[in-house]
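Peer 1: Model the following, please.
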Amino acid sequence: VQLQAFGGGPAQAGGSLRVPCLVSGRASIKYGVGWFRQAPGKEREFVAAISWSDGSTRYGDSVKGRFTISRDNAKNTVYLQMNSLKVEDTAVYYCGAESQLPAVSMYDYWGPGTQVTVSS
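Peer 2: Just a heads-up that it's a prediction; the model follows:
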């Protein structure tokens, strides 16, 4: 399984950004896809995850109510819609598979990450 997140970049505080994660190398995901982020000097932090079968979602406390994860099964793509961005959302964002749990160790596959930088 290969994952590729793209579409990151600069954004203004209070603004929005949508980051897709394209999954390839397998006909479909079995369990789920998650988003994590890592800021300089910090551990990788859980952001959101989605079940591939029923679309159920979960979010990290720091992004609840601001970020939305969704999937397009036909395109094997997971989207992270980020609204009301804050400077502290600045990080490298990674998508991972195959899990929907909020723990790095539960994911077997990772993409290379995409940088999101939020300025005030």
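
Peer 1: how about the residue most central in space within the chain, what does it touch?
Peer 2: Centroid-nearest residue in the chain: Trp35, 2.7 Å away (criterion: CA atoms, centre = their mean). Going by CB atoms under 8 Å, 6 or more residues apart in numbering, Trp35 touches 19, 21, 47-49, 69, 78, 80, 93-96. No exception for glycine: its C-beta is placed from N, CA and C like everyone else's.

Peer 1: Now do the buried residues in the strand or helix carrying it.
Peer 2: Using DSSP states H and E, Trp35 sits in strand 32-38. By neighbour count on 16 or more other CB atoms under 10 Å, the buried set for strand 32-38 is 32-37.

Peer 1: again with stretch 56-63
Peer 2: Under the neighbour-count criterion of 16+ other CB under 10 Å, stretch 56-63 has 57-60, 63 buried.

Peer 1: Out of those residues, which sit inside strands?
Peer 2: 57-59 (DSSP state E).

Peer 1: contacting residues for Ser99?
Peer 2: 31-32, 34, 49, 106-108.

Peer 1: is it true that it lies in a strand?
Peer 2: No. Counting by DSSP: H, G, I helix; E, B strand; the rest coil, Ser99 is located in no strand; its state is coil.

Peer 1: beta partners of the residue nearest to Tyr59 when sequence neighbours are not counted?
Peer 2: Spatially, and ignoring its direct neighbours in sequence, Tyr59 is nearest to Ala48 (4.9 Å; CB to CB, 6 or more residues apart in numbering). Bridge pairing for Ala48 (DSSP bridges) gives the partners Trp35, Tyr59.

Peer 1: same thing with Val116?
Peer 2: So, taking DSSP bridges as the rule, Val116 has Gly9, Ala91 as bridge partners.

Peer 1: Next, work out how far apart it and Lys86 are.
Peer 2: As judged by CB to CB, to the nearest Å, Val116 and Lys86 stand 11 Å apart.
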